[in-house]
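*Asks:* With the sequence up front, the predicted model follows.
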Amino acid sequence: MNALMDRLKSPRNAGIFGFVVGLVIGLVVLGWGLWPVVWTDASPEQLRAADLQPDYLRMAIDSFARTANAEEARSRYQGLGAAGPDAMAAVVAAPGHLTLVEIEAFKAVIEFSPEGTPAEAGAEKPSWSPWLWVLCTITFLIGVAWVLLYLFRRGPVSTGDTAAMQAAQATRHAERTDYSTSGESPPLSQFMTTFMLGDDLFDDSFSIDSPAGEFLGECGVGIADTAGPGEPKRVNAFEVWLFDKNDIQTVTKVVMSESAFHDVSTHDRLSAKGDPVLADDRNPVILQTAKLRLVARVVDLSYGDDASLPANSHFERLTLELAVWPK
């Protein structure tokens, strides 16, 4: 379901989905449920053939026996259309209160022929209503099938977690650094964040507070640059930043992939956002302000594989630990 929602972020997919939802609401909910079609002044031909059409014909024969109105008798029989002979056969087989004389007199007036309706009935009128509903249903099913085929043409929708959810799970399982083992004092704040390929909206920030709950500043990680167009974003650099409420500016460094770091044009372009540094689990990234010191350590790193891009150009996964100390 989450993968399906991700695909619906595309305006075209959302438009198609909206059309199908509108069709369901209009046809099923409104057309069949709230405001269904109400038949009025239906012809005898549209009555149920098993019992209502023979009952109608018995009443027509009974009326003719009482009034002797031949024109009215023919008109009523013609209303049955192509169902007339079958209804007459049913009446003959089960005349009810009618006599054989009354039935034969009615036949004579309407010039009854078992092979079809009398000449006066004219051309048979087609009944479009059942076919109209069949065509609407077929059209609806074809539309739904086309939408599903379009949405899933790249393979079945995965029932797994989204990239953001996978990243959150990786963050929960990442092991934090125990600075006490190296003789350092515990950090004031210690955060963990993970990027996964496909999380195009990745932007994580954290509040830095004193032990007494006083707000001291913020820190975070966000996407700084991508390698090539298309989705998902092939992220090749991240901004790691530190804000100190006692400082006049936010300090930023750009953590770059191996390919981006060694590409001169990319290196120079991203240096405008902050000091470029290579993503490396052996060399932590250090940011300092007037009152705070942040150490960003690479906990987990994996590069993506794309034949259209240089090797080690974008991140498949990156987990960073941000530890903050007061100065």
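*Replies:* Right, received. Where do you want to start? Numbering: from 1, shown residues only.
*Asks:* I'd like to know how far the most far-flung residue of the chain relative to its centre sits from Pro326.
*Replies:* Of all residues in the chain, the one whose C-alpha sits farthest from the chain's mean C-alpha position, using Cα atoms, centre = their mean, is Val101 at 68.4 Å. Here Val101 is placed at a distance of 116 Å from Pro326 (Cβ to Cβ, to the nearest Å). C-beta coordinates here come from the backbone N, C-alpha and C atoms, glycine included.
*Asks:* roughly how far apart are the residue nearest to Lys107 when sequence neighbours are not counted and Met59?
*Replies:* Among residues not flanking Lys107 along the chain, Met88 sits closest, at 7.4 Å (Cβ to Cβ, 6 or more residues apart in numbering). Met88 sits 13 Å away from Met59 when distances are taken as Cβ to Cβ.
*Asks:* Out of the two, name the residue with the larger neighbour count.
*Replies:* Between Met88 and Met59, Met88 has the larger neighbour count (other Cβ atoms under 10 Å), namely 23 against 12.
*Asks:* Can you show me the strands along the protein?
*Replies:* 189-196, 203-209, 215-226, 235-244, 251-256, 275-278, 285-288, 292-303, 315-326 (DSSP state E).
*Asks:* okay, now Glu184: neighbour count?
*Replies:* Burial measure for Glu184: 13 neighbouring residues, criterion other Cβ under 10 Å.
*Asks:* Oh, that last question was meant for Asp200, not what I typed.
*Replies:* Each residue near Asp200 was counted by other Cβ under 10 Å, and the total is 15.
*Asks:* Verify the stated contact: it with Pro232.
*Replies:* Yes. Taking Cβ atoms under 8 Å as the contact criterion, Asp200 and Pro232 are neighbours in contact, 5.6 Å apart.
*Asks:* where does this structure dip in pLDDT?
*Replies:* Where the chain drops to pLDDT under 70, the residues are 1-15, 17-18, 23, 26-35, 37-41, 113-132, 149-160.
*Asks:* And it, what are its domain boundaries?
*Replies:* Following automatic domain parsing, one gets these domains for the chain: 2-38+128-151, 44-121, 163-326.
*Asks:* Give me the nearest residue to Tyr56, chain neighbours excluded.
*Replies:* By the measure of Cβ to Cβ, 6+ apart, the closest residue to Tyr56 outside its immediate chain neighbours is Pro44, 5.1 Å from it.
*Asks:* how about the one you found, what does it touch?
*Replies:* Pro44 sits next to 53, 56, 76, 79-81, 83 when contact means Cβ atoms under 8 Å, 6 or more residues apart in numbering.
*Asks:* all helices for the stretch 1-150 of the chain, in order.
*Replies:* Remark: helices of the stretch 1-150 of the chain, listed N- to C-terminal, are 2-7, 11-24, 52-67, 70-78, 84-93, 100-110, 129-151; assignment by DSSP state H, counting those that start in this stretch.
*Asks:* Kindly present the ones you listed as a markdown table, with separate columns for distance to Phe215.
*Replies:* As requested, those are arranged in a markdown table below (distance: least, Cβ to Cβ, whole Å):
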| stretch | distance to Phe215 |
| --- | --- |
| helix 2-7 | 34 |
| helix 11-24 | 40 |
| helix 52-67 | 81 |
| helix 70-78 | 90 |
| helix 84-93 | 88 |
| helix 100-110 | 97 |
| helix 129-151 | 45 |
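*Asks:* Out of the ones you listed, the one nearest Leu322 is which?
*Replies:* Closest to Leu322 of those is helix 2-7 (Cβ to Cβ; 27.3 Å).
*Asks:* ok, Asp281 to Thr319 distance?
*Replies:* Applying Cβ to Cβ, the value for Asp281 to Thr319 is 10 Å.
*Asks:* Pull the residues that contact stretch 251-266.
*Replies:* Taking Cβ under 8 Å, 6+ apart as the rule, stretch 251-266 contacts 224-225, 227, 236-244, 267, 270-271, 273-279, 285, 287-289, 296, 298, 303, 309-315, 318, 320.
*Asks:* do stretch 49-57 as well
*Replies:* 44, 47, 76-77, 80, 83-84, 86-88, 90-91, 94.
*Asks:* How about stretch 285-294?
*Replies:* For stretch 285-294, the external contacting residues (Cβ under 8 Å, 6+ apart) are 208, 216-217, 219, 240-244, 246-247, 251-253, 255, 277, 295-297, 322-327.
*Asks:* Quick check on those residues: which are buried?
*Replies:* Neighbour-count burial (16 or more other Cβ atoms under 10 Å) is assigned, among the contacts of stretch 285-294, to 208, 216-217, 219, 240-244, 251-253, 255, 277, 295-297, 322-325.
*Asks:* State the number of residues packed around the spatially closest residue to Asn69 that is not a sequence neighbour.
*Replies:* The shortest distance from Asn69 to any non-neighbouring residue, by Cβ to Cβ, 6+ apart, is to Ser63 (7.7 Å). Residues near Ser63, counting by other Cβ under 10 Å, number 15.
*Asks:* Repeat that for Val20.
*Replies:* 15.
*Asks:* I'm done for today, thanks for sticking with me.
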